[in-house]
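>>> Here is a sequence with its predicted model. Questions after.
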Amino acid sequence: MAFGGIAHWLRHLPGLWFAVVVAVLGAAMAAGFLLIWGNLRRARIIEDTPTARLRSAPQGYVEIEGRGSVMDGPPIRAPLTGTPCLWWRYRVERRHQQVDRRGRRSGYWATVHGGHSDDLFLLEDGTGRCVVDPHGAEVTPGVRQVWYGDSEWPRLGPRLGGGLLGALGGAYRYTEERLMAGPLYALGWFRTVTNADLPVAEEVRAVLRQWKRDPPTLARRFDINGDGHVDAGEWSQARQMAIRQVLRERRRATATATNTLVRPEESDYPFILAAERQEALAGRYRLQALGALAGLLLVGAGLLWALAVRLG
């Protein structure tokens, strides 16, 4: 629709609907302001927070640069490709077709399911190590793959199922992001805890997460009815067993200190994990702020033009 057609539409739009248009544009501008402020603030925090060493890191909000590595036990595997990693996020979308009043066809993608991992992993910098709990973190992964297929769960990997032919013919789109073992930047809340300091519930969740990383063993231990799945009742029994295990280990364990990096206690501070150096990460946030500024100016100009057309 040309500008003249849009202007004609705005002049004859009922007052209530014009107010809705103004409200939507105003909300978009407010979102732009928040994006600019949030990205610039993150860039400043990354640039202004001194990098600490794990051996001498203070308790509280710190910046650490080192290498991420897996903990002992079953590997963390991304759900779509099965690739071993430290952290993953995935999304499966399905293509839908719609026809408007004029018979024109258009397509869109709707999310079928998705998720991300919350398994613990290690961060080491040559002077020490700490356990990273990625729950609540803003993760910038080093690997992102997108490919297409014809089933809800992919049967072909990115190299075989991706590409232009997949984009044109695949009914499903798969997106998987992974944080791999290797260089890792972290900005979060550092604390040293002992077994006695940890709440029982937190230790129980850690045990259950460890069990869930080995589905065959989990099913073998708790799938009482033999249907191949651990249902709600069987999972409740698994949780009770995890509680007993935690309490038993607490009675045997000494007060061994463990360094941890978690989401800050004050939600105003960002918790960031990235497979990038801090200079590149700060630059990424500044670039996003610049993009948000461009969008803000564009929406603002559109709002002023709409008001001028309506009131002129």
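Received the coordinates, thanks. Numbers count the residues shown, from 1 in each chain.

>>> can you tell me which residues contact G142?
R178, L179, M180, G182, A275, E276 (CB atoms under 8 Å, 6 or more residues apart in numbering). (C-beta placed from N, C-alpha, C; glycine too.)

>>> Mark which of these are buried, thanks.
With burial judged by 16 or more other CB atoms under 10 Å, the buried subset of the contacts of G142 is R178, L179, M180, A275, E276.

>>> Got phi/psi on the second one?
In this entry, L179 is assigned phi and psi values of phi -100, psi 110 (degrees, to the nearest 10).

>>> for it, what are its contacts?
By CB under 8 Å, 6+ apart, L179 lies in contact with G68, C85, L86, W87, W88, V139, P141, G142, V143, L273, A275.

>>> If any of those residues are buried, give me the PyMOL selection for them.
Applying 16+ other CB under 10 Å to these, the buried members can be selected in PyMOL as follows:
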select buried, resi 68+85+86+87+88+139+141+142+273+275
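
>>> Out of the contacts of L179, list just those in strands.
Secondary structure from DSSP state E places G68, W87, W88, V139, V143, L273 of the contacts of L179 in strands.

>>> What pLDDT is listed against the first one?
Translated: G68. With respect to pLDDT, G68 has a value of 95.

>>> who touches it in this structure?
Applying CB under 8 Å, 6+ apart, the residues near G68 are L86, F121, L122, L123, V132, L179, M180, A181, G182, P183, L184.

>>> Can you report how many residues lie near A292?
The number of residues packed near A292 is 20, by other CB atoms under 10 Å.

>>> right, and it touches I36 too?
Yes - counting by CB atoms under 8 Å, A292 does reach I36; the two are 4.7 Å apart.

>>> Okay, now the unreliable bits of the chain?
1-4, 100-103, 156-157, 159-169, 194-201, 232-233, 247, 250-257 (pLDDT under 70).

>>> would you list every one of the strands in it?
Secondary structure of the chain by DSSP E: the strands cover 60-69, 87-99, 105-116, 121-124, 129-132, 138-140, 143-149, 172-179, 182-193, 258-262, 272-274.

>>> Save the contacts of G68 as a markdown table, and put in distance to W235 too.
Formatted as a markdown table, the contacts of G68 follow (distance: CB to CB, whole Å):
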| residue | distance to W235 |
| --- | --- |
| L86 | 26 |
| F121 | 24 |
| L122 | 28 |
| L123 | 30 |
| V132 | 26 |
| L179 | 27 |
| M180 | 30 |
| A181 | 30 |
| G182 | 34 |
| P183 | 37 |
| L184 | 32 |
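
>>> Between those residues, which sits nearest R95?
Distance ranking of the contacts of G68 against R95, using CB to CB, places L179 first at 28.3 Å.

>>> now the closest residue in space to that closest one that isn't next to it in sequence: how far from I45?
Nearest residue to L179 in three dimensions, chain neighbours excluded: W87, at 4.0 Å (CB to CB, 6 or more residues apart in numbering). Note on W87: its distance to I45, by CB to CB, to the nearest Å, is 21 Å.

>>> For V230, give me phi and psi.
Dihedral angles (degrees, to the nearest 10) for V230: phi -100, psi 100.

>>> Please list all residues in contact with it.
Counted by CB under 8 Å, 6+ apart, V230 has contacts L218, A219, F222, D223, A238.

>>> Can you list the residue ranges for helices in this protein?
Using DSSP state H, the helices of the chain run over 3-11, 15-48, 158-161, 163-169, 200-212, 215-222, 232-252, 278-311.

>>> before we move on, back to that, for G5, which of the strands of the chain is the nearest?
Closest to G5 of those is strand 105-116 (CB to CB; 19.5 Å).

>>> you'd agree R89 is up against A137?
No - under the criterion of CB under 8 Å, R89 is not in contact with A137, lying 10.9 Å apart.

>>> re the thing from before, ok, the residue nearest to L179 touching A186?
No - the pair W87 / A186 is not scored as a contact, 11.7 Å apart, by CB under 8 Å.
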